[in-house]
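> Okay, predicted coordinates and the sequence, questions at the end:
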Amino acid sequence: MQSSEQPAILSLFPEGSSVVDGEIAISGVHASDLAAAYGTPAYIVDESALRQRIRHYRDGLSLRWPNSRVYFASKAFPATAVYQVMSEEGIGIDVAGGGELVMALAGGADPRDILVHGNAKTDSDLKMVLDAGVGLIIVDNLHEVDQLTALVQGTQDVLVRIRPNVDTDTHEAMSTGHGDSKFGMGPEETRRAIDMIQRSKDLRLRGLHVHIGSQVFELDAFSESIKALSEFGEFEIYDLGGGLGERHSYDDPAVSVDDYLDAVVQAAKDFLPPSSRIILEPGRSLVARAGVTMYRVVNVKRGGKTLVAVDGGMADNLEVSLYGQRFEATLSNRFHGEELVSVVGRHCESGDELIDGVHLDSPAAGDLLLMPVTGAYCFTMANNYNGSLRLPVVFVSDGVPRLVVRRETYEDLLARDVLVPPLQPKR
Ligand SMILES: Cc1ncc(COP(=O)(O)O)c(C=O)c1O
């Protein structure tokens, strides 16, 4: 039975989540059933909601600018199953380096539908992507032109990444378009790169690229960066990057994919040739809201500030300590809490705090705690702090869950050791 009163936090959960018989269900499956089947902590992804968001982006862009294509910035969630969903939905893939290339190909991506990023691509990265036959390489710096000239056999299509000198409202660590950014080239170097590539017999310059950062809500900043592209002449392709912010907390603005598409396409109409091809490469705004992290409360300390300690933390979510990202959370079966608590992780760092101040309903050891909007960059930056095991990923679609990444094991932790002898059972 579905409750008539749906808690406010559901506005941050994957669309289609609901309260059924007093408990949150993701794509129709109760959190407690997911916990019983797959354990905690775990990343849960509503596959139906993910596919819906991909189609919204894909169709929304092609409706507004038919000569266009969406590529998934796969750094946001580099799991083979996610690459597979993106490829099945017919969008391209953006990879940075050999590892993401391997996973993209394993997920079924057509190499011609892959574009390649990176501010420090090594020769071996470049050899790999050239051997695979990728569609586009985004040239980040002048040295890369020399590297490619030495390595390319035949012809390779490339774009040149500009640094537009546009600041954004995002965290410094997520801002990539300002004058001192390590990504792309300033105007003088851009012109030199264009000139070098145009004179090369192996490299074919198809256009320009810009990307100003992540978790950006300021639509004017995107428009400004598109204007900056128009200062270098007219090209066939313009890759306008990704970066649209996703609402992670009640305080974040709600800028929709449609608002964003309206703004970037308007700027493209204002500043770019009408016959050009437009590429967008969203990451976070494609995957963030489809993901929920499920934790078990291990203990609660009361006295001073109430601290709710869970069985995960900064090893499965670095967004908080790296970017200061604010998240919300709820218990899986009690929503209208009055108790102000902080949710802390289990790792040996005081900074391992997932949420500084959130209202929960009398949390106690054993409760299931759900943290929504964790589908972007959490899996990406997962680590083994304190020997913790990286989380499984469970897709849920129309009431059916399936494991797509298994939980790491202690054997995995030892798997790369070379000198340590295998564990012997104690006698
Ligand atoms: C070149 C490039 N394109 C696209 C993205 C995706 O950004 P976001 O996940 O914020 O959409 C990134 C990540 O910052 C990036 O570096």
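Perfect, thanks for sending it.
> For the rest of this, base every contact and every neighbour count on C-alpha atoms.
Will do.
> Summarise which helices and strands the least confident helix or strand in the chain by mean pLDDT is packed against.
For the chain, the helix or strand with the lowest mean confidence is helix 319-323, at a mean of 92 (criterion: mean pLDDT, DSSP states H and E). Packing contacts for helix 319-323, counted by 3 or more C-alpha pairs under 8 Å, 6 or more residues apart in numbering; DSSP states H and E, involve strand 353-360.
> between the helix or strand following the strand it packs on and strand 353-360, how many degrees?
Following strand 353-360 in sequence order, the next helix or strand is strand 368-372 (DSSP states H and E). Counting by axes from the mean of the first three to the mean of the last three C-alpha atoms, to 10 degrees, strand 368-372 points 110 degrees away from the direction of strand 353-360.
> In PDB, list the C-alpha atoms belonging to strand 368-372.
Written as PDB, here are the backbone C-alpha positions of strand 368-372 (Å, rounded to 0.1, in the frame of the first residue of the first chain):
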ATOM      1  CA  LEU A 368      18.900   1.700   7.500                       C
ATOM      2  CA  LEU A 369      20.100   5.100   6.400                       C
ATOM      3  CA  LEU A 370      19.600   6.200   2.800                       C
ATOM      4  CA  MET A 371      21.600   9.000   1.200                       C
ATOM      5  CA  PRO A 372      20.200  10.100  -2.200                       C
END
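> re earlier: where's the least confident helix or strand of the chain relative to the chain centroid, distance-wise?
Centre-to-centre, helix 319-323 and its host chain are 14 Å apart (C-alpha atoms, centre = their mean, to the nearest Å).
> Run through the neighbouring helices and strands of the top helix by length along the chain.
Longest helix in the chain by number of residues (criterion: DSSP state H): helix 47-64. Counting contacts by 3+ C-alpha pairs under 8 Å, 6+ apart, helix 47-64 is packed against strand 68-73, helix 257-271, helix 284-287, strand 393-397.
> Get me the contact residues on this structure for the ligand.
Residues of the chain lying close to the ligand (C-alpha under 6 Å from any ligand atom) are 73, 76, 211, 213-215, 241-244, 281-285.
> pLDDT below threshold where in this protein?
Scanning the chain for pLDDT under 70 picks out the ranges 1-5, 173, 420-422.
> Spell out which residues make up each domain of it.
Listed by automatic domain parsing, the domain ranges of the chain are 8-46+288-414, 48-283.
> where does the nearest residue to Phe183 once chain neighbours are set aside land in three-state SS?
Nearest residue to Phe183, sequence neighbours excluded (C-alpha to C-alpha, 6 or more residues apart in numbering): Asn119, at 5.7 Å. Classification of Asn119 using DSSP: H, G, I helix; E, B strand; the rest coil returns coil.
> so who does Ser87 touch?
Neighbouring residues of Ser87 by C-alpha atoms under 8 Å, 6 or more residues apart in numbering: 93, 107-110.
> what ranges do the helices span in the stretch 51-200 of the chain?
In the stretch 51-200 of the chain, the helices defined using DSSP state H, counting those that start in this stretch lie at 80-88, 98-106, 123-132, 142-151, 187-199.
> So which of the ones you listed is nearest Asp167?
Counting by C-alpha to C-alpha, Asp167 lies closest to helix 187-199 out of the helices of the stretch 51-200 of the chain; the figure is 16.1 Å.
> thinking Asn384 is in contact with Arg390, fair?
Yes. With contact defined as C-alpha atoms under 8 Å, Asn384 reaches Arg390; the gap is 6.6 Å.
> Between the two, which contacts overlap?
With C-alpha under 8 Å, 6+ apart as the test, Asn384 and Arg390 both reach Ala315.
> Looking at these two, which has the bigger crowd around it?
Comparing Asn384 with Arg390 by neighbour count (other C-alpha atoms under 10 Å), the higher total belongs to Arg390, at 23 against 14.
> what's the nearest residue to the more buried one if we skip its chain neighbours?
Glu408 (5.2 Å).
> Over to Tyr57?
For Tyr57, the closest residue by C-alpha to C-alpha, 6+ apart turns out to be Val257, at 6.9 Å.
> quick one: the nearest residue to Val394 once chain neighbours are set aside from Leu34, how far?
Distances taken as C-alpha to C-alpha, 6+ apart place Leu403 nearest to Val394, at 4.5 Å, with adjacent residues excluded. Counting by C-alpha to C-alpha, to the nearest Å, the separation of Leu403 from Leu34 is 10 Å.
> Neighbour count for those two, which is higher?
Set side by side, Leu403 and Leu34 show more neighbours around Leu34, with 20 against 15, by other C-alpha under 10 Å.
> In a helix, the more buried one, correct?
Yes. Counting by three-state DSSP, Leu34 falls inside a helix.
> Report the contact partners of it.
By C-alpha under 8 Å, 6+ apart, Leu34 lies in contact with Pro401.
> before we move on, the earlier item: what's the longest helix of the chain in contact with?
The contact list for helix 47-64 (C-alpha under 8 Å, 6+ apart) reads 14-16, 27, 68-70, 85-86, 89, 91, 257-258, 261-262, 265, 286-287, 290, 395-398.
> What helices and strands are in contact with the helix or strand containing Thr293?
Here Thr293, judged by DSSP H and E, is contained in strand 291-301. Where contact means 3+ C-alpha pairs under 8 Å, 6+ apart, strand 291-301 is packed against strand 42-46, strand 306-310, strand 368-372.
> mind redoing it with 10 Å?
Under the contact criterion of 3 or more C-alpha pairs under 10 Å, 6 or more residues apart in numbering; DSSP states H and E, strand 291-301 touches helix 31-38, strand 42-46, helix 47-64, strand 306-310, strand 330-331, strand 339-344, strand 368-372, strand 393-397.
> by how many degrees do the third one and helix 257-271 diverge?
Taking the same axes, to 10 degrees, one finds that helix 47-64 is oriented at 30 degrees with respect to helix 257-271.
> what about dumping the CA coordinates of helix 47-64 to PDB?
Extracted in PDB, the C-alpha atoms of helix 47-64 (Å, rounded to 0.1, in the frame of the first residue of the first chain):
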ATOM      1  CA  GLU A  47      18.100   1.900 -13.900                       C
ATOM      2  CA  SER A  48      14.700   3.000 -15.200                       C
ATOM      3  CA  ALA A  49      15.200   6.600 -13.900                       C
ATOM      4  CA  LEU A  50      18.800   6.600 -15.400                       C
ATOM      5  CA  ARG A  51      17.500   5.600 -18.800                       C
ATOM      6  CA  GLN A  52      14.800   8.200 -18.500                       C
ATOM      7  CA  ARG A  53      17.300  11.000 -17.800                       C
ATOM      8  CA  ILE A  54      19.500   9.800 -20.700                       C
ATOM      9  CA  ARG A  55      16.600  10.000 -23.100                       C
ATOM     10  CA  HIS A  56      15.600  13.400 -21.800                       C
ATOM     11  CA  TYR A  57      19.100  14.800 -22.500                       C
ATOM     12  CA  ARG A  58      19.400  13.000 -25.900                       C
ATOM     13  CA  ASP A  59      16.000  13.900 -27.300                       C
ATOM     14  CA  GLY A  60      16.000  17.300 -25.700                       C
ATOM     15  CA  LEU A  61      19.200  18.300 -27.400                       C
ATOM     16  CA  SER A  62      18.400  16.800 -30.800                       C
ATOM     17  CA  LEU A  63      15.000  18.500 -30.800                       C
ATOM     18  CA  ARG A  64      16.600  21.900 -30.100                       C
END
